[in-house]
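Engineer: coords please:
(chains A and B)
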Amino acid sequence: MSALRELQMRFTNALFGSFALPDVDVPDRLDIYRNNLREGFIKALAIGFPVIEKLVGVEFFRRLALDFLIAHPSRSGDLHPIGAPFARFLQARFANTEYAYFADVAALEWAHQQVLIAADAQPIALDALAAVNPADYENLRFELHPAAALVRSAFPIIRIWQANQPDASADDQIDLAADGDNVLVLRAADWIELHSLPAGDFAALEALAAGASLGAALECALSADATFDLGIALRRFLSLGLLVRLHLPAASSEDAS
Amino acid sequence: MTLPGPLVFGAESESAPVALASLSAGIGLRAVHHHEVLEQRPRVGWFEAHSENYFAQGGSLPRILGRIREIYPLSLHGVGLSIGSTDPLDRTHLAALARLIRDSEPRFVSEHLSWSSVGGRFTNDLLPLPYTEEALRHMIDRVRQVQDFLGRRILIENVSSYLQFNCSTLREWEFLGALAHESGCGLLLDVNNVYVSAINHGFDARTYLKHIPRAAVQEMHLAGHSARRIGAREVLVDTHDGPVCEAVWDLYVAAVARFGPVPTLIEWDSNIPALDLLAAEAHKADRITEVHHVRAA
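Structural biologist: Below is the predicted model of the structure:
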């Protein structure tokens, strides 16, 4: 290993682990870099998860963020992706406690961040299905808009999210035992929409997002909600601009989008 | 005296809608000011964006940057490439930067004389390099790789540092001069960082300027810093949270005298003030370069 690489390894270990570094003139000043590392990480995480910060309080959020930094340090020169494992981290930490909903709220906030910066795409037209041979419907596959995300929760996470926005009224009591939200997070023109979807719609979208055919998605939807109506749901998905590509079954060879 | 000025490198950019203003100082573009910039169109020469803040693939950020780019010249300033690291260069990061360069046609693309990661673990900070022959060869190779990948010259900025490595054998100005000479990169001289490091390490800031090759400096930065007490001694920290201090303005006068009216940028990243206060700092830099012009003429 080169001397430069060995030095960089020692330096980084000293920053993350609070070890001394014998290679420098004023070892005490390593604290400035330690402080930059920690404060930069806490600040970036707080920007991405303002609702979690509000729920746990600023001081406890700092402690959580520092534990999270050690378990899941940044893996990129861009700080935006650091929040990817945060919901999992909170899940492991708060499962089977009265704070089990933190993980789902974090998943919602992560989805929000992702949707904000996801690629632009042209949704398929409302009448696109009219051009498809009805015999092919069952084998159709769709791609969901890149700026759409699905978050399933047993908790009322939309109400929790709304009650912890900067402009929310303070005395909002939330019943954690209320029905859970199956949330579609969707980027509109310049803002983000949160839709609580019926169980059938959500199951269908989850299946389509995973690459299932429309026929398979219909089965998933019907097992979630026996009254699911595919026609109504498809029109809703199309009018939301959720579907961006339509793949015809291989036999028809041609893609329409 | 010949002035190594923006006109030479202005030729690198495709179009400059505010041609004359490109000689005026610019300010760092921060998200809190996006809408105000578009609505009020402040009288500043140009904007500089932190590259990583605009890596978004879609949504409002690229759209806003595009609209600002239609009005002002733009530069891209990276803080995350970890160019001095001994890890392989992050090709995903470089590809995102290349895409942003394609879309925003910046006048300059810059990064730092620093590293921020090793073993895949990122500090997302600008860590100092030891100034050894080995580190110099490494930086020359890395800057070449980046320039080859991007197909253009980049600028490398000196950083503020709070400690020095016992193994260093070169002075920072020697290291930078050799890096520019060998790799062909330009230099982004951060006058505040020169000052902060000079105080922290006890060297003479004007000696530093004297040893930086004139033609290499293509851009200058100005920013505020703050003082912290570590142990028995005070140390200056590059916090970008306030106005440029008088001592740094004085050093800027010396820098303009040596390097000419190089495109200059005001950076302010924490406790970000109102846009007109930032513009006022930029105008203060303009007055210094104008005085220099008169003297040079």
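Engineer: For the residue in chain A that chain B sits nearest to, what are phi and psi?
Structural biologist: Residue nearest to chain B within chain A: A:G77 (2.6 Å; CB to the nearest CB). Every residue, glycine included, has its C-beta placed from N, CA and C. Main-chain dihedrals, A:G77, degrees, to the nearest 10: phi -70, psi 0.
Engineer: who touches the closest residue to it other than its chain neighbours in this structure?
Structural biologist: Closest residue to A:G77 apart from its sequence neighbours, by CB to CB, 6 or more residues apart in numbering or on different chains: B:G80 at 2.6 Å. Contact analysis of B:G80 by CB atoms under 8 Å, 6 or more residues apart in numbering or on different chains lists A:S76, A:G77, A:D78, A:L79, B:S51, B:E52, B:H93, B:S116, B:F122, B:N124.
Engineer: quick one: the strands in chain B?
Structural biologist: Using DSSP state E, the strands of chain B run over B:26-28, B:47-50, B:74-77, B:109-112, B:115-118, B:121-127, B:155-157, B:186-190, B:217-223, B:226-230, B:233-237, B:264-267.
Engineer: Could you dump the ones you listed into JSON lines and include mean neighbour count, mean pLDDT and distance to A:A226?
Structural biologist: Shown next, in JSON lines, are those (neighbours: other CB atoms under 10 Å in any protein chain shown; pLDDT from 0 to 100; distance: least, CB to CB, whole Å):
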{"stretch": "strand B:26-28", "mean neighbour count": "24", "mean pLDDT": "97", "distance to A:A226": "58"}
{"stretch": "strand B:47-50", "mean neighbour count": "23", "mean pLDDT": "98", "distance to A:A226": "52"}
{"stretch": "strand B:74-77", "mean neighbour count": "24", "mean pLDDT": "98", "distance to A:A226": "55"}
{"stretch": "strand B:109-112", "mean neighbour count": "25", "mean pLDDT": "98", "distance to A:A226": "58"}
{"stretch": "strand B:115-118", "mean neighbour count": "25", "mean pLDDT": "98", "distance to A:A226": "53"}
{"stretch": "strand B:121-127", "mean neighbour count": "22", "mean pLDDT": "98", "distance to A:A226": "50"}
{"stretch": "strand B:155-157", "mean neighbour count": "23", "mean pLDDT": "98", "distance to A:A226": "64"}
{"stretch": "strand B:186-190", "mean neighbour count": "25", "mean pLDDT": "98", "distance to A:A226": "65"}
{"stretch": "strand B:217-223", "mean neighbour count": "25", "mean pLDDT": "98", "distance to A:A226": "64"}
{"stretch": "strand B:226-230", "mean neighbour count": "13", "mean pLDDT": "93", "distance to A:A226": "65"}
{"stretch": "strand B:233-237", "mean neighbour count": "16", "mean pLDDT": "94", "distance to A:A226": "64"}
{"stretch": "strand B:264-267", "mean neighbour count": "25", "mean pLDDT": "98", "distance to A:A226": "61"}
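Engineer: Need those strands in CSV (columns: distance to B:E36).
Structural biologist: Formatted as CSV, the strands of chain B follow (distance: least, CB to CB, whole Å):
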stretch, distance to B:E36
strand B:26-28, 12
strand B:47-50, 12
strand B:74-77, 17
strand B:109-112, 25
strand B:115-118, 31
strand B:121-127, 27
strand B:155-157, 27
strand B:186-190, 26
strand B:217-223, 20
strand B:226-230, 26
strand B:233-237, 29
strand B:264-267, 16
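Engineer: for chain B, what helix or strand is lowest in average pLDDT?
Structural biologist: When each helix and strand of chain B is scored by mean pLDDT, DSSP states H and E, helix B:6-10 comes last, with a mean of 30.
Engineer: Low-confidence bits of chain B, can you list those?
Structural biologist: When residues are selected by pLDDT under 70, those of chain B lie in B:1-23, B:293-297.
Engineer: can you tell me the residue of it closest to chain A?
Structural biologist: For chain B, CB to the nearest CB, closest residue to chain A: B:G80, 2.6 Å.
Engineer: Let's test this: what are the backbone torsions at that residue?
Structural biologist: Taking degrees, to the nearest 10 as the convention, B:G80 sits at phi -130, psi 10.
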